[in-house]
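Colleague: using only what follows, build the 3D model:
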Amino acid sequence: MGPLPISPSNCDNKLLAVLPVEDRQRVMAQLSIVPFQFRQVLHKQGETIEDVYFPCGGACSLTKTMEDGRTAEVGTVGNEGMLGAAVFFGDGQAQSDVIVQVAAKSGYKMAVRSFVEEMNLHGAFYNRVIRYYQALAIQVMQTTACNALHSAEQRCCRWLLMTRDRVGSDDLSLTHEFLAIMLGVRRSTVSIIVEGLQKAGLVDTRRGQITIVDRQRLEASSCECYAAVKANFARLLPDAAGFSGS
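Modeller: The predicted structure follows:
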């Protein structure tokens, strides 16, 4: 697909939208629009990164797969950020799968060469990406601690809240099977957790969809990690307001 037309209406990605006009126009001239479809794999663990991505909505999961085939999520990215920034730091190999967990109408794609050249200018784009990459690193560290120390129910609440913030809607198109993969637990465990949350009036469920009914109580049922990650994004990227729908 050809280059994007230069228009403020195209800036559905917060990392790009807050750039100074001149920088944003230069960067956007190097982007192309791509679909972000459910379960689409943007980067494959162990393979070379050819392009970096800027989501315009939805949510993407960074998942690690072990030698025995088990998979768990280590981070989540929405339109507050980007995917593939590690190429600038010399790592051209994907260290995780990047999968679209909640679809969006579209996102932006940028060739690695163009991305590195833009970063080497050390301008506003560089500063934004560096700060975002730090916020994402903190998220991954918090998620690692969370997976080791907090209950599956707390982690499920955290995951639903983080995904809701990125999607900007209480209605999440999710199956129990996919949620189990993200949390690194059995599908039956997720079914028990979600059933309990529904009985408590925190969520409502239909086939392939979970709706958050009481966000305040869901936050109270979550662990400290949701608030910690959100606070760090707000601290490092205050003008982008952290997440979608925040």
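Colleague: element containing residue 219?
Modeller: When elements are defined using DSSP states H and E, residue 219 is found to belong to helix 215-221.
Colleague: so how far is that helix from its chain's centroid?
Modeller: Offset of helix 215-221 from its chain centre (CA atoms, centre = their mean, to the nearest Å): 21 Å.
Colleague: now swap in stretch 96-116 and tell me
Modeller: Averaging C-alpha coordinates over stretch 96-116 and over its chain gives two centres that are 11 Å apart (CA atoms, centre = their mean).
Colleague: just the buried residues of that stretch, please?
Modeller: Taking 16 or more other CB atoms under 10 Å as the neighbour-count basis, stretch 96-116 is seen to contain the buried residues 96-104, 106-110, 112, 115. Every residue, glycine included, has its C-beta placed from N, CA and C.
Colleague: try stretch 49-57
Modeller: The neighbour-count check on stretch 49-57 (16+ other CB under 10 Å) flags 49, 51, 52, 53, 54, 55, 56, 57 as buried.
Colleague: how far does it stretch from start to finish?
Modeller: According to CA to CA, to the nearest Å, stretch 49-57 extends 21 Å from its N-terminal end residue to its C-terminal end residue.
Colleague: and stretch 63-77, what's buried?
Modeller: 63, 71, 72, 73, 74, 75, 76, 77.
Colleague: from residue 176, how far out is the residue nearest to the second one when sequence neighbours are not counted?
Modeller: Nearest in space to residue 71, with sequence neighbours left out and distances taken as CB to CB, 6 or more residues apart in numbering, is residue 65 at 4.7 Å. Taking CB to CB, to the nearest Å as the measure, residue 65 falls 20 Å from residue 176.
Colleague: do the same with residue 52
Modeller: Applying CB to CB, one obtains 32 Å for the distance of residue 52 from residue 176.
Colleague: how about the buried residues of stretch 63-77, which pair is most distant?
Modeller: Using CB to CB, the buried residues of stretch 63-77 span at most 16.8 Å, a distance reached by 71 and 77.
Colleague: show me what contacts the residue lying farthest from the centre of the chain?
Modeller: Farthest-out residue of the chain from its mean C-alpha position, per CA atoms, centre = their mean: residue 199, at 28.6 Å. Applying CB atoms under 8 Å, 6 or more residues apart in numbering to residue 199 gives no contacts.
Colleague: just residue 56 next, same as before
Modeller: With contacts defined as CB under 8 Å, 6+ apart, the neighbours of residue 56 are 12, 13, 36, 79, 104, 105, 106, 107, 108.
Colleague: now with 6 Å?
Modeller: Contact analysis of residue 56 by CB atoms under 6 Å, 6 or more residues apart in numbering lists 12, 13, 79, 104, 106, 107.
Colleague: just those: which are in strands?
Modeller: Within the contacts of residue 56, membership in strands is found for 104, 106, 107, as judged by DSSP state E.
Colleague: these two touch, right, the last one and residue 55?
Modeller: Yes. With the criterion set as CB atoms under 6 Å, residue 107 and residue 55 qualify as a contacting pair; they are 4.6 Å apart.
Colleague: and the contacts of residue 56 as JSON lines, adding distance to residue 215 and pLDDT?
Modeller: Written out in JSON lines, the entries for these read as follows (distance: CB to CB, whole Å; pLDDT from 0 to 100):
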{"residue": "12", "distance to residue 215": "24", "pLDDT": "86"}
{"residue": "13", "distance to residue 215": "24", "pLDDT": "92"}
{"residue": "79", "distance to residue 215": "20", "pLDDT": "91"}
{"residue": "104", "distance to residue 215": "21", "pLDDT": "88"}
{"residue": "106", "distance to residue 215": "27", "pLDDT": "90"}
{"residue": "107", "distance to residue 215": "26", "pLDDT": "94"}
